[in-house]
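Trainee: This is a predicted model, with the sequence first.
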Amino acid sequence: MMIEVLGTGCAKCKALEKVTREVVEQNGIDAGIRKVEDIMEIMKFNVMTTPALVVDGKVVLKGRVPSNQELKEILTNKVYRI
């Protein structure tokens, strides 16, 4: 699984990256995590509100930071809540 955290560096963007790394590590999820800060690359995903989370090329969350439990559900059950 490839996870991309989209955000230009604001506090919420950093928080989403942190919680994503924590959830992946704590649950033994086999995933690569990449932080995307370039606005032109973010716009390729048609995302206008950051932070956003992309899993395997699909935007699964945008505009907020989920709880650890919600993010675990998203990553393990592929339950997407945009």
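Mentor: Happy to help now that I have it.
Trainee: any idea which helix or strand of this protein has the worst average confidence?
Mentor: Considering only helices and strands, the least confidently modelled element of the chain by mean pLDDT, DSSP states H and E is helix 68-77, at a mean of 91.
Trainee: Please name the bridge partners of the most centrally placed residue in the chain.
Mentor: Taking Cα atoms, centre = their mean as the criterion, Leu53 is the residue nearest the geometric centre of the chain, at 2.6 Å. The partner list for Leu53 in beta bridges (DSSP bridges) reads Val5, Leu61.
Trainee: Now for it: which residues touch it?
Mentor: Taking Cβ atoms under 8 Å, 6 or more residues apart in numbering, we find Leu53 in contact with Ile3, Glu4, Val5, Leu6, Leu16, Thr20, Val59, Val60, Leu61, Lys62, Leu71, Ile74. Any C-beta I mention is one placed from the backbone N, CA and C, and that applies to glycine too.
Trainee: The residue of the chain positioned farthest from its centre in helix, strand or coil?
Mentor: No residue in the chain has its C-alpha farther from the mean C-alpha position than Met40, which lies at 17.2 Å (Cα atoms, centre = their mean). The assignment at Met40 comes out as helix when based on DSSP: H, G, I helix; E, B strand; the rest coil.
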